[in-house]
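Peer 1: Show me the folded form of this:
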Amino acid sequence: MRLVIAAIGRAGRGPEAQLADDYAHRATLAGRPLALGPVELLDLDPRKPGREAEGALILKAAEGAHLIACDEHGRDEPSRALAAMLAALRDQGERKVVFAIGGADGHPPEVLARASASLSLGRKTWPHALARAMLAEQLYRAVSILAGSPYHRD
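Peer 2: Residues are numbered from 1 along each chain as shown. Have a look, this model is predicted:
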């Protein structure tokens, strides 16, 4: 099952982008034997400003996929619950899961309506580049939990 982090904007070349790339790579390698991966980082750069243009790009990236919106009002799930959710989606036959990170003004209503779930990265506001890295780390952690790796400790 492919895992995609689709984020509005460009990650750039800073340390946050490198960290997101590193965790996505680790998750891809660890997830391969579990039929989880690859983990892809997809930058969505709208040509027009505004949530509607951003939403259209997210919905296009999520065509035929299970969409999860990363949203401040979403559920703040523990890492083990995220791992269980990924395993359940894989076992149900999902081929692709897209985690969407919206723009500065959040997701438009049509993205939230299309999403099967909303996931929060906590109650604080995070820069988008850091949110990508944090989500990539959580996907790596979820895969590690499912693989029985000692990376995650309760």
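
Peer 1: Any idea how many residues pack against Gly106?
Peer 2: 18 (other Cβ atoms under 10 Å). C-beta: built from backbone N, CA, C; applies to glycine.

Peer 1: Touching, it and Asp71? I think so.
Peer 2: Yes - Gly106 lies in contact with Asp71 (Cβ atoms under 8 Å); the separation is 6.6 Å.

Peer 1: Taking the centroid of this protein, which residue is nearest it?
Peer 2: Nearest to the mean C-alpha position of the chain, by Cα atoms, centre = their mean, lies Phe99 at 3.3 Å.

Peer 1: what about dumping the CA coordinates of the helix or strand containing that one to PDB?
Peer 2: Per DSSP states H and E: Phe99 is located in strand 96-101. Extracted in PDB, the C-alpha atoms of strand 96-101 (Å, rounded to 0.1, in the frame of the first residue of the first chain):
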ATOM      1  CA  LYS A  96      -2.900   4.100  -1.700                       C
ATOM      2  CA  VAL A  97      -3.400   6.300   1.300                       C
ATOM      3  CA  VAL A  98      -2.900  10.100   0.900                       C
ATOM      4  CA  PHE A  99      -2.200  12.200   4.000                       C
ATOM      5  CA  ALA A 100      -3.000  15.800   3.000                       C
ATOM      6  CA  ILE A 101      -1.400  18.900   4.500                       C
END
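
Peer 1: what's near enough to touch the closest residue to Leu42 other than its chain neighbours?
Peer 2: Closest residue to Leu42 apart from its sequence neighbours, by Cβ to Cβ, 6 or more residues apart in numbering: Ala6 at 4.5 Å. Ala6 makes contact with Leu42, Leu44, Leu57, Ile58, Ala61, Ala62, Val98, Phe99, Ala100, Ile101, according to Cβ atoms under 8 Å, 6 or more residues apart in numbering.

Peer 1: what's near enough to touch the fifth one?
Peer 2: Remark: with contacts taken as Cβ under 8 Å, 6+ apart, Ala61 is in contact with Val4, Ala6, Leu42, Leu44, Val98, Ala100.
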